[in-house]
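Asker: sequence first, predicted coordinates after that:
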Amino acid sequence: MVSAATALIVMLVAITLVIWGLVRLVVKPPKQYGFTSITNKGEKVRSYGEKQISDFFAQNNIQYQYEPKIKNVFALPDFYLPEYNVYVEYWGLVNADDPKVKNNYVRHMKKKMARYHSNKIKFISIYPDNLKNLDWIFRKKFEDATGNKLPN
């Protein structure tokens, strides 16, 4: 026979679990962005989008540096293609769900783009939607930025 105290404890635990489940449905934790990924070459990058870009470069024999530490550069670029003297920025949070995250990111992005332009530094912008057709889009943007076609 179960004592009244034991039955009460079991009932309180059950109620607590139900309440906790309801709280988790209502109070969602903040979305996390930029999960670390590993490229096909074994390199650690900050997001799945950057992984796709790194893998594209490797598959197309495009030499690149990831987040290069370069003197006199105003910001940390995502990629640098030394053979072509062009930077590649992946703007992965422009579509962030959280308006605060998105607004801060877009403001930072615009400042960084303005610095590239004012310093006459060639760069290519890649956005999350570009990843669906990265080969064609990157080749087009590369040609626009450098004046040259990317070798096949």
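Answerer: Yes, it's here. Bear in mind the structure is a predicted one, so any value in this text is a computation, not a measurement.

Asker: what sits against Ile137?
Answerer: Shown here is Ile137, whose contacts under the criterion C-beta atoms under 8 Å, 6 or more residues apart in numbering are Ile126, Asn130. Backbone N, C-alpha and C define where each C-beta goes, glycine included.

Asker: how does it look with 6 Å?
Answerer: Asn130 (C-beta atoms under 6 Å, 6 or more residues apart in numbering).

Asker: tell me the SS of it?
Answerer: The assignment at Ile137 comes out as helix when based on DSSP: H, G, I helix; E, B strand; the rest coil.

Asker: please enumerate the helices of the chain.
Answerer: For the chain, the helices identified by DSSP state H occupy 4-26, 48-59, 99-118, 134-146, in order along the chain.

Asker: could you list the low-pLDDT ranges of this structure?
Answerer: Within the chain, the set of residues satisfying pLDDT under 70 comprises 1-2, 14, 17-18, 20-34, 70-73.

Asker: residue ranges of each domain in it, please.
Answerer: Structurally, the chain divides into domains by automatic domain parsing as follows: 1-30, 37-146.

Asker: among those, which is the most enclosed?
Answerer: domain 37-146 (a mean of 15; mean count of other C-beta atoms under 10 Å).

Asker: quick one: end-to-end distance for that one.
Answerer: 29 Å (C-alpha to C-alpha, to the nearest Å).

Asker: repeat for stretch 115-129
Answerer: End-to-end distance (C-alpha to C-alpha), stretch 115-129: 24 Å.

Asker: give me the distance between it and the centre of its chain.
Answerer: Centre-to-centre, stretch 115-129 and its host chain are 16 Å apart (C-alpha atoms, centre = their mean, to the nearest Å).

Asker: ok, residues contacting it?
Answerer: Phe74, Val86, Tyr87, Val88, Glu89, Tyr90, Trp91, Gly92, Val94, Asn95, Lys141, Ala145.

Asker: ok, now how distant is the first one from Lys132?
Answerer: I take that to be Phe74. Phe74 sits 31 Å away from Lys132 when distances are taken as C-beta to C-beta, to the nearest Å.

Asker: with the third one instead?
Answerer: Relative to Lys132, Tyr87 is positioned 22 Å away (C-beta to C-beta).

Asker: the last one too?
Answerer: With the distance defined as C-beta to C-beta, Ala145 ends up 20 Å from Lys132.

Asker: and if you look at the fourth one?
Answerer: Using C-beta to C-beta, we find Val88 at a distance of 17 Å from Lys132.
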